[in-house]
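Student: What shape does this take:
(chains A and B)
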Amino acid sequence: MSSSASGSIALSSGSTGRAAPRGAPSADGAARARKLGVRTIALGYLALLLLAPVAMIFYRTFEHGLTPVWNAVSEPNAQHAFWLSLEIVAIAVPLNTVFGIGMALLLERGRFKGKALLGLLIDLPFAISPVVIGLALVLAYGKTGWLGDWLAENGIQVIFSVPGMVIATAIVSLPFVARETIPVLRELGTDAEQAASTLGASGWQTFWRITLPGIRWGVVYGVVLTTARALGEFGAVSIVSGRIEGETQTLPLYVQARFENFDITGAYTAAVVLALLAFATLVAMNLLTRRTRAETIA
Amino acid sequence: MVGARGGSVLGKGLLGIYLSVLVLLPVAALLAKSGTGGTSQFWREISNPEAVAAIKLTLIISAIVVLINAIFGTIIAWVLVRDEFPGKRIVNALIDLPFALPTIVAGVVLLALYGKGSPVGIDVAFTRAAIVLALLFVTLPFVVRSVQPVLHELDVSMEEAAESLGAGPLTVLRRIVLPSLAPAIISGVALSFARAVGEFGSLVLITGNLPFKTEVGSVYVFGQIQNENLPAAAAVSVVLLVAALVVLAALTLLSRWRSKHVL
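Tutor: Have a look, this model is predicted:
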């Protein structure tokens, strides 16, 4: 794009005469050298910070062949951690999807007092440390917390068990679906919805037939981000889970425990599993952005 | 229409309960806990020397990290928008890796290359440099992703006009490009800062959590929870939360003001 731009500069300055014909090629060369320099800095920074460390862990994991990796993967605690992580994601992500769409509709289509406050509330989890979220949950739902006595009387255990871990995971991944859906909803406008309801469609019919199909790629993109964040959550879950091996240990917690027990192969293998899931997320994100772009052009 | 309205009332009610369980109630419990002993106890908790050191370290390192982010994030965004090279699409996709990668994995990954037994002979484990490195890793996408779309929309003809009038590349950068990008850079910096102040997962393994040396705020809070010293944990939590919110709000306002007054 800009190589043609610099070409047009050379042309236009050539037409004004003076020293341009001699100056242009060397200026062009300097511009090219500058561009190459900037490119080297950017790519070098990314290689040192991102690519080399991630490549290194893949190398270290598979350094001694597949047998140790296979042994690490079939470790019962690793298996348990993996399935527990999936279980938590399977509860937290659908909840955040449904409520995320609801929040987006309310923020974009609703008219009520305190709308700005609601927007702030939804974004709050992005500004709070996961550790602080964990602490807040202990203070609200723990044994000595606000609802501790009431929960104990009713036989509900939140902290140090799965419900608390689901709540913690849902909080940290709360904003994604709403944040990704709101701009799409704005773009979509209300014309089609109004037409549908003038023609006698009920609120539900309009939502299922008009609104949801219109925003689906935004929602899906939000779901991908929510899933990635939920799978990787560490700090908040670390506090509310109690980190009991084989019981309340998710895959990220398992990575930490193995690493601290000097079981490097176990830690690296679990980390590689999580990294592969992260790469799958990146691929999904890219396919989705290309899809939406193609749809907006069409 | 009546049915729809009834449905939306039910929906709003459920949404209210969901947000209360997830956000309102826990945050209220946190604020209440930090204030149970009155202001004097709150003050005593946060003026504990170890807490002061942790908060100070968090703020200083976060400031350093966002400064580096502002510079390299802008350079990377520039290369991704204005440059063409093979594999650019892949590089562009990789920028989001730190958001997709679990934070604990980020810590393990950085230690594999820059920790003990490093194949390149660099060992930053248990140092403040390690904190900077980990925070740079996890906050990388913020500035890049907020500058990229603005740079994409930026009209090249202004820069061309300035160049044809004899402005050097540095002048064009300083007088034309940077002023237009400033709001985007600032908002990326604000998000990076909020994230850096609260970051925990990527720091757990890499810093060694040495009090007064590498113990940041979130790690201090975690330690106090483990010691069952919840008032101290709550007080420092509130300080971290307020710091993140104040910087976020201030920079968002500044970014809005800049975009109104420059363009």
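Student: For the rest of this, base every contact and every neighbour count on C-alpha atoms.
Tutor: OK.
Student: how does the chain divide up, domain by domain?
Tutor: Looking at chain A here, since you left the chain open. Domain assignment for chain A by automatic domain parsing gives A:2-62, A:66-297.
Student: You answered for a different chain; I wanted chain B.
Tutor: Using automatic domain parsing, the domain parsing of chain B gives B:1-35, B:38-262.
Student: C-terminal to the helix or strand where residue A:214 lies, which secondary structure element comes first?
Tutor: Here residue A:214, judged by DSSP states H and E, is contained in helix A:212-232. Toward the C-terminus, helix A:212-232 is succeeded by helix A:235-241 as the next helix or strand (DSSP H and E).
Student: Report the inter-axis angle for whichever helix or strand comes after that following helix versus helix A:212-232.
Tutor: Where DSSP H and E defines the elements, the next helix or strand beyond helix A:235-241 is helix A:251-260. Angle, helix A:251-260 to helix A:212-232, by axes from the mean of the first three to the mean of the last three CA atoms, to 10 degrees: 20 degrees.
Student: So is helix A:251-260 next to chain B?
Tutor: Yes - on the criterion CA under 8 Å from any CA of the partner chain, helix A:251-260 is in touch with chain B at A:252, A:255-256, A:260.
Student: Separate out the buried members of the residues you listed.
Tutor: Among the residues of helix A:251-260 next to chain B, those buried by neighbour count (16 or more other CA atoms under 10 Å in any protein chain shown) are A:252, A:255-256.
Student: on that earlier part again, sort the residues of helix A:251-260 next to chain B by pLDDT and name the bottom one.
Tutor: Minimum pLDDT across the residues of helix A:251-260 next to chain B is recorded for residue A:260, with 93.
Student: The closest residue to that residue other than its chain neighbours - how many residues pack around it?
Tutor: Spatial nearest neighbour of residue A:260, chain neighbours left out: residue B:205 (8.0 Å); criterion: CA to CA, 6 or more residues apart in numbering or on different chains. Neighbourhood size, residue B:205 [other CA atoms under 10 Å in any protein chain shown]: 21.
Student: List the residues that contact residue B:205.
Tutor: With contact set as CA atoms under 8 Å, 6 or more residues apart in numbering or on different chains, residue B:205 has these partners: A:256, A:260, B:104, B:107-108.
Student: May I have the predicted confidence score for it?
Tutor: In this prediction residue B:205 is given a pLDDT of 92.
Student: from the chain's centre, how far out does the helix or strand harbouring it sit?
Tutor: Using DSSP H and E, residue B:205 maps to helix B:201-207. Relative to its chain's centre, helix B:201-207 lies at 16 Å (CA atoms, centre = their mean, to the nearest Å).
Student: Can you name the element that comes right after that helix?
Tutor: helix B:217-226.
Student: Name the residues of that next one that are buried.
Tutor: Neighbour counts over helix B:217-226 (16+ other CA under 10 Å) mark B:217-222, B:224-225 as buried.
Student: Output these as a markdown table; include the columns pLDDT and distance to chain A.
Tutor: Below are these laid out as a markdown table (pLDDT from 0 to 100; distance: CA to the nearest CA, whole Å):
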| residue | pLDDT | distance to chain A |
| --- | --- | --- |
| B:217 | 96 | 10 |
| B:218 | 96 | 6 |
| B:219 | 96 | 8 |
| B:220 | 96 | 10 |
| B:221 | 97 | 7 |
| B:222 | 96 | 6 |
| B:224 | 96 | 10 |
| B:225 | 95 | 7 |
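Student: Using TSV, lay out these together with distance to residue A:192.
Tutor: Shown next, in TSV, are the buried residues of helix B:217-226 (distance: CA to CA, whole Å):
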residue	distance to residue A:192
B:217	50
B:218	48
B:219	51
B:220	53
B:221	51
B:222	51
B:224	55
B:225	53
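Student: Relative to residue B:41, which of the residues you listed is nearest.
Tutor: Closest to residue B:41 out of these is residue B:224 (15.5 Å), distances taken as CA to CA.
Student: From residue B:90, how far out is the closest one?
Tutor: To residue B:90, residue B:224 is 43 Å away according to CA to CA, to the nearest Å.
Student: Spatially, what comes nearest to residue B:248 if we skip its sequence neighbours?
Tutor: Nearest one to residue B:248, counting by CA to CA, 6+ apart, is residue B:190 at 5.1 Å.
Student: What residue in the stretch 1-150 of chain A comes nearest to chain B?
Tutor: The nearest approach of the stretch 1-150 of chain A to chain B comes at residue A:129, 3.9 Å away (CA to the nearest CA).
Student: Show me the shaky parts of chain B.
Tutor: Counting by pLDDT under 70, chain B shows low-confidence ranges at B:1-7, B:262-263.
Student: All the strands of it, in order from the start?
Tutor: Counting by DSSP state E, chain B has no strands at all.
Student: and the helix holding residue B:205, which residues are buried?
Tutor: Those would be B:201-207, for helix B:201-207 by 16+ other CA under 10 Å.
Student: repeat for stretch A:144-163
Tutor: By neighbour count on 16+ other CA under 10 Å, the buried set for stretch A:144-163 is A:145-148, A:151, A:157-163.
Student: Of those, which is the nearest to residue A:73?
Tutor: residue A:162 (22.8 Å).
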